[in-house]
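give me the fold of what follows.
(chains A and B)
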2 protein chains.
Amino acid sequence: MTIEISAFRWVPPFAQGYVRDLRVRWALEEAGFPYAATLIGPKDQSSERYRQWQPFGQVPAYKDEQVELFESGAIVLYLARQSEALAPNDEAGRARVMQWVIAALNSIEPFAQNVIRERERLPNAEAMLTKRLECLSAWLGDKDYLEGRFTAGDLIMTTVLRELVDSGVLARYPALDALRQRCEARPAFRRAFDAQMQAFRENAPA
Amino acid sequence: MTIEISAFRWVPPFAQGYVRDLRVRWALEEAGFPYAATLIGPKDQSSERYRQWQPFGQVPAYKDEQVELFESGAIVLYLARQSEALAPNDEAGRARVMQWVIAALNSIEPFAQNVIRERERLPNAEAMLTKRLECLSAWLGDKDYLEGRFTAGDLIMTTVLRELVDSGVLARYPALDALRQRCEARPAFRRAFDAQMQAFRENAPA
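Take a look at the predicted model:
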């Protein structure tokens, strides 16, 4: 299998050794899979061509004969399905590994990043979010769903986009808001929503 | 298959319809899998028994005959492997779905949460992080790795914990710091680290 990943040509010293291609390089080393790194710079990051591979213009992106992927966590989990060096060889064991990868990325890292941001007095949360939503909207284009058909990806993305309705931010991205509404219109969403609300109605404090 | 999930008995109105068991309920509805919700309250959340199921005391946790899981994203991906309603039936297609689930949880949601936190003037990022690290450390106990053996979960967790070394926060959790060091001592990590640094050395601006 020919494996290609993208990485930055250079970053300022404080970021060296922390750029996220490290995660994928590490997993590839554990698995013993050879790979080649394509080094990119700021100009590549914003190019139409690179955005087709990595919608946010970040690194790493991954490519083999079978698939093109981004998100270091997803790439590592994809590799983990192909190597017992990274996960047990049964569905339950693999699910437990998936759980810890996502716990790291969603239950720990955002809190870690907040502490770092506070200490470095990095403001402008909204500018950072706006950039991401623009990229996401560009990726979606006039498609109905992120991968053409409804998948678990649209499901989780919708639950995240919903968090932004009240802030008014989402309304600035009509295509993303339409994606959210399209997904929320699914009967399965309605049943799930009603099930959650029913418990709250039945157990409201007096 | 008998499926059980945990959900909150009641939450304040602003959170109703947004609690994360909604994600799992939705995925179960899309897949057409029946399930039962076990409703819990604050006392259960901090109980030793519930922490064995969900180390952070959050909802949802998931249980079937095959596996116990937490992290809504991981549960949804686990369900997606069992239902074409949630993902295509081939490895490349599944990987693309995994990518979007993780993009939602790591490339979009943290930025969304930051905007919401800023607007609501929620301070105390460090207290939130500390709580998570305490739970993580309690889960690890005296094990060498999160699931007993090295997996992709330890790999990604280590790359997150590394971000906290300079802040001094990690040193307060010796077991977590030892996990990080144990993982960083792996030859594969060293090779990956050297590979990233080599590009930076070779491409340093004059």
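
please enumerate the strands of chain A.
A:4-8, A:36-40, A:61-63, A:68-70 (DSSP state E).

so which elements touch the third one?
Using 3 or more C-beta pairs under 8 Å, 6 or more residues apart in numbering or on different chains; DSSP states H and E as the contact criterion, the elements in contact with strand A:61-63 are strand A:4-8, helix A:48-53, strand A:68-70. To be clear about C-beta, it is placed using only N, CA and C from the backbone, and glycine gets the same treatment.

check the second one too.
Using 3+ C-beta pairs under 8 Å, 6+ apart as the contact criterion, the secondary-structure elements in contact with strand A:36-40 are strand A:4-8, helix B:187-202.

the ones you listed into CSV, with extra columns for distance to B:Ala27?
CSV is the format used below for the helices and strands packed on strand A:36-40 (distance: least, C-beta to C-beta, whole Å):
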stretch, distance to B:Ala27
strand A:4-8, 30
helix B:187-202, 33
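
what pLDDT does the residue nearest to the spatial centre of chain A get?
Chain A has A:Glu71 as the residue nearest its centroid, 5.3 Å off, counting by C-alpha atoms, centre = their mean. A:Glu71 is assigned 93 on the pLDDT scale.

okay but it is in contact with B:Asn106, surely?
Yes: taking contacts as C-beta atoms under 8 Å, A:Glu71 lies within contact range of B:Asn106: 6.9 Å.

re the thing from before, pick the most buried one from the strands of chain A.
strand A:61-63 (a mean of 24; mean count of other C-beta atoms under 10 Å in any protein chain shown).

quick one: mean pLDDT over that strand.
On average, strand A:61-63 scores 97.

what do you get for stretch A:190-202?
86.

any idea how far A:Phe193 is from chain B?
Applying C-beta to the nearest C-beta, to the nearest Å, the value for A:Phe193 to chain B is 6 Å.

which residues does the residue nearest to A:Pro110 when sequence neighbours are not counted contact?
The shortest distance from A:Pro110 to any residue other than its chain neighbours is 3.8 Å, reached at B:Pro110 (C-beta to C-beta, 6 or more residues apart in numbering or on different chains). By C-beta atoms under 8 Å, 6 or more residues apart in numbering or on different chains, the residues touching B:Pro110 are A:106, A:109-110, A:113.

how long is stretch A:35-44 from one end to the other?
End-to-end distance of stretch A:35-44 (C-alpha to C-alpha, to the nearest Å): 20 Å.

that stretch - what's its average pLDDT?
92.

tell me which helix or strand of chain A sits lowest on mean pLDDT?
The least trusted helix or strand in chain A, going by mean pLDDT, DSSP states H and E, turns out to be helix A:109-119, with a mean of 76.

quick check: angle from that helix to helix B:109-119?
Helix A:109-119 and helix B:109-119 are oriented at 50 degrees to each other (axes from the mean of the first three to the mean of the last three C-alpha atoms, to 10 degrees).

tell me which residues of helix A:109-119 are tucked away?
For helix A:109-119, the buried set under the neighbour-count rule, 16 or more other C-beta atoms under 10 Å in any protein chain shown, comprises A:109-117.

neighbours of the closest residue to A:Ala188 other than its chain neighbours, how many?
Using C-beta to C-beta, 6+ apart and skipping residues adjacent in sequence, the residue nearest A:Ala188 is B:Glu29, 3.6 Å away. B:Glu29 has 22 neighbours, counted by other C-beta atoms under 10 Å in any protein chain shown.

which residues of chain A fall in helices?
Assigned by DSSP state H, the helices in chain A fall at A:21-31, A:42-45, A:48-53, A:72-80, A:91-102, A:109-119, A:125-140, A:152-161, A:174-184, A:187-202.

what comes up buried for the third one?
For helix A:48-53, a neighbour-count test (16+ other C-beta under 10 Å) marks A:50-51, A:53 as buried.

return the member of those residues nearest to B:Val11.
Nearest to B:Val11, judged by C-beta to C-beta, of the buried residues of helix A:48-53 is A:Arg51 at 38.8 Å.

distance of the closest one from A:Ser83?
29 Å (C-beta to C-beta, to the nearest Å).

one more: A:Arg49?
Distance, A:Arg49 to A:Ser83, using C-beta to C-beta: 30 Å.

again, but for A:Ala188
According to C-beta to C-beta, A:Ala188 stands 34 Å off from A:Ser83.

okay, those two: which has more neighbours?
A:Ala188 (19 against 16).

if we can go back for a sec, right, and the pair among the buried residues of helix A:109-119 with maximum separation?
Top of the distance list for the buried residues of helix A:109-119 (C-beta to C-beta): A:Glu109 and A:Arg117, 12.0 Å.

ok, A:Glu30 - how many residues close by?
Using other C-beta under 10 Å: A:Glu30 sits among 24 other residues.

repeat that for A:Asp90.
Residues near A:Asp90, counting by other C-beta under 10 Å: 11.

contacting residues for it?
By C-beta under 8 Å, 6+ apart, A:Asp90 has no neighbours at all.

which of the helices and strands packed on strand A:36-40 is buried the deepest?
Using mean count of other C-beta under 10 Å, strand A:4-8 ranks as the most buried of these, with a mean of 21.
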